[in-house]
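Trainee: no sequence for this one, just the structure:
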């Protein structure tokens, strides 16, 4: 225990890098998911094809392979050296964004047809319809799955240590090499990962409640604050898979 | 520029690596399928189930890579890296498959349990003849998705030195100064395996969705 408390600052440094990677990756993944998700829900074949290519390619390649490619192959192929941390964010964002795009597409398609017909009757433009009617409803539906993806992304950041980013895993490795205390060094890192995940899960649940309230629905798990502590429905089939 | 001759030359080695990746995936998946089912069933037991749930939650929300390296470092030297990799992969994914099975088991109508009770069937028949056949049928597509997910996580075995696809690519690329070709080919090999599997699973999904 003393061992961990003494080295807590180092662990927190590593955890901070992990959090940065998570936030950066999530931001990129979110933008990509929204863009390609909306493209994938369009009627015309061309945007749909673009979306399908993106999703299938980046979902099909392992995140680690993608990261190695960004960090080692890209500089040689293009002469363009990415900073390691940036390469990691790019690889994670592209990978998880592909999963997210499928989630967005499914959520948009699940908005009742009558809603779209009503916007046509009201003579709203495509942009107005998407922004005011379709996306707010799809949003509530995509949030729970997004929550799973955020956790997946956070966990995937550990891989960045293999391309030389000084994240939480790298700190654990340093600790182990410096002191030989394998078990303590790694348990410390695992617990920090767990805590970060719990914070992310609660944050996503807050977002979910807000989205549901805005639509005039009761949030899943009831309205009380205690609902935030309840276990989320993780892993029910869509956590980072496909 | 792209060196085609080199590509041909290293293909056998890469395919060997791919074969190791596939083997690790299949073996790990079998562990995840069996262990996940056991966990889903034990989770219905009061107290023990809650504790197990907490443990699984911890496993699910911490990185697989860290778990792999951790177990590899504390395990005795006599156990091969491949064995450790497969077992850790299997246990990690059993945390996911357990949730899938659970949703399937909870989806079985209550009347089915009651009917089994009314017939005073023993627990083994209730599970084996009534609950599981209905539950598993419904969750086959979701389980299939985890097979692909797992395939894409096996490159992590690179970190503990298993000579799977990525390790081979890294070795060959560094030895011949042909890093670009190597990693690009690895990317393509992944697509060649995972896109057809995704199509196959989508087809399964359509077939079982109607039931």
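Mentor: Looks like it came in fine. The structure displayed is predicted, hence computed values, not measured ones.

Trainee: okay, now the closest residue to residue B:105 other than its chain neighbours: neighbour count?
Mentor: Among residues not flanking residue B:105 along the chain, residue B:135 sits closest, at 4.6 Å (CB to CB, 6 or more residues apart in numbering or on different chains). Just so you know, the C-beta spots here come from the backbone N, C-alpha and C atoms, and that holds for glycine as well. When neighbours are counted by other CB atoms under 10 Å in any protein chain shown, residue B:135 registers 22.

Trainee: now do the SS call for residue B:135.
Mentor: When classified by DSSP: H, G, I helix; E, B strand; the rest coil, residue B:135 comes out as helix.

Trainee: give the contact list for it.
Mentor: Contacts for residue B:135 (CB atoms under 8 Å, 6 or more residues apart in numbering or on different chains) come out as B:101, B:104, B:105, B:107, B:108.

Trainee: check residue A:138 too.
Mentor: A:104, A:107, A:108, A:110, A:111.

Trainee: which of those residues tops the neighbour count?
Mentor: Result: residue A:104 is most packed of these (other CB under 10 Å), 29 neighbours.

Trainee: is it true that that residue touches residue A:31?
Mentor: No. With contact defined as CB atoms under 8 Å, residue A:104 does not reach residue A:31; the gap is 11.1 Å.

Trainee: tally of neighbours for residue A:191?
Mentor: Around residue A:191 there are 14 residues (other CB under 10 Å).

Trainee: check residue B:6 too.
Mentor: Neighbours around residue B:6, by other CB under 10 Å: 15.

Trainee: could you do residue A:42 as well?
Mentor: Residues lying near residue A:42 (other CB under 10 Å) number 15.

Trainee: tell me who's in contact with the residue nearest to it when sequence neighbours are not counted.
Mentor: Distances taken as CB to CB, 6+ apart place residue A:48 nearest to residue A:42, at 6.1 Å, with adjacent residues excluded. Shown in contact with residue A:48 (CB under 8 Å, 6+ apart): A:39, A:40, A:42.

Trainee: for chain B, state which of those is nearest.
Mentor: Proximity of the contacts of residue A:48 to chain B (CB to the nearest CB) peaks at residue A:40, which lies at 15.0 Å.

Trainee: where in chain A is pLDDT low?
Mentor: Applying pLDDT under 70 to chain A flags the ranges A:1, A:219-242.

Trainee: just the helices in it please.
Mentor: Ranges of helices in chain A, per DSSP state H, are A:2-6, A:8-40, A:45-60, A:63-68, A:74-78, A:84-109, A:113-121, A:126-128, A:135-156, A:168-179, A:182-214.

Trainee: do the same with chain B
Mentor: Using DSSP H, helices in chain B cover B:4-42, B:48-61, B:64-74, B:81-106, B:110-118, B:123-125, B:132-151, B:165-176, B:179-209.

Trainee: pick the most deeply packed of those helices.
Mentor: For those, the largest average neighbour count (mean count of other CB atoms under 10 Å in any protein chain shown) is found in helix B:81-106, namely a mean of 22.

Trainee: the residue most distant from the middle of chain B, which is it?
Mentor: The C-alpha centroid of chain B is most remote from residue B:118, which lies 38.0 Å away (CA atoms, centre = their mean).

Trainee: can I get the helices of chain B in TSV with distance to residue A:199 and mean pLDDT?
Mentor: Putting these into TSV (distance: least, CB to CB, whole Å; pLDDT from 0 to 100) gives the following:
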stretch	distance to residue A:199	mean pLDDT
helix B:4-42	26	91
helix B:48-61	11	93
helix B:64-74	18	94
helix B:81-106	20	94
helix B:110-118	37	92
helix B:123-125	40	90
helix B:132-151	24	88
helix B:165-176	31	87
helix B:179-209	32	85
